[in-house]
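Chemist: Mind looking at a prediction? Sequence and model below.
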Amino acid sequence: DAGVTQSPTHLIKTRGQQVTLRCSPISGHKSVSWYQQVLGQGPQFIFQYYEKEERGRGNFPDRFSARQFPNYSSELNVNALLLGDSALYLCASSLDRGDEQFFGPGTRLTVL
Amino acid sequence: DAKTTQPTSMDCAEGRAANLPCNHSTISGNEYVYWYRQIHSQGPQYIIHGLKNNETNEMASLIITEDRKSSTLILPHATLRDTAVYYCIVRPTYSGAGSYQLTFGKGTKLSVIP
């Protein structure tokens, strides 16, 4: 069975630009969570979506937004990129909100 | 902030059991203990979780002390592919209509030595 897939794998942007990252959950999973991992740190929670509704948000500015589609895939958008947004962005899916989360390989974003 | 304390790094000889400790002295009765690992530059991989009882699956065993203030993840026969950062995470069993985020600390870097 296919795991969580994310696209693109790598991305380079410049300061001030906007970026959209995509995630496809494991088939049958209805919840998607997003995490940011900067170098040397553990992943930090950004959002959790369930049944197309935002169920939780971490300590991130409003420049970060996300949505979940009827097929349960999800997009993470980041506006007005800063150098500090350079990180590995991870998507995780779970059957339900409280079930085990399974992570994708991540999207490596570099902001120059 | 993470509610767990783990050693920064550990070494284990290949073929031996790797025992990774985690302290979660402030855990409440309605919180799970989860373990994930992350091999370099990959997404975290779910290993196991438990509430009160010891748990075992095909990857590992989880031993939770009776007072639930600490736990140990055991990899019975470590291989070179088990070299990774291991994260111990405490997470509520129920959060109503809210989210079930995982709060990662810095984890333990396990190096399996040939």
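Modeler: Nice, thanks for sending it over.

Chemist: Next up, the contacts around the residue of chain B found nearest chain A.
Modeler: Closest approach between chain B and chain A, counting by C-beta to the nearest C-beta: residue B:99, at 2.2 Å. The C-beta positions use only the backbone N, C-alpha and C, and glycine is treated the same way. By C-beta atoms under 8 Å, 6 or more residues apart in numbering or on different chains, residue B:99 lies in contact with A:33, A:45, A:48, A:55-57, A:97.

Chemist: Out of those, who's the most crowded?
Modeler: Sorting these by how many neighbours each has (other C-beta atoms under 10 Å in any protein chain shown) puts residue A:33 first, at 30 neighbours.

Chemist: Neighbouring strands - and their directions - for the helix or strand encompassing it?
Modeler: Following DSSP states H and E, one finds residue A:33 within strand A:31-37. Strand A:31-37 pairs in its sheet with strand A:44-50 (antiparallel), strand A:87-94 (antiparallel), by DSSP bridges.

Chemist: Tell me which of those sits most buried.
Modeler: Burial of the strands paired with strand A:31-37 is given as mean neighbour count (mean count of other C-beta atoms under 10 Å in any protein chain shown); strand A:87-94 ranks first at a mean of 25.

Chemist: Quick one: low-confidence residue ranges for chain A.
Modeler: Regions of chain A meeting the criterion pLDDT under 70 cover residues A:1.

Chemist: Please name the residues that touch residue B:77.
Modeler: Contacts of residue B:77 by C-beta under 8 Å, 6+ apart are B:15-17.

Chemist: that older thread, just the contacts of residue B:99 now: which is nearest chain B?
Modeler: When the contacts of residue B:99 are compared for distance to chain B (C-beta to the nearest C-beta), residue A:56 wins out at 2.2 Å.

Chemist: element containing the closest residue to that closest one other than its chain neighbours, please.
Modeler: Using C-beta to C-beta, 6 or more residues apart in numbering or on different chains and skipping residues adjacent in sequence, the residue nearest residue A:56 is residue B:99, 2.2 Å away. Assigned by DSSP H and E, residue B:99 belongs to no helix or strand.
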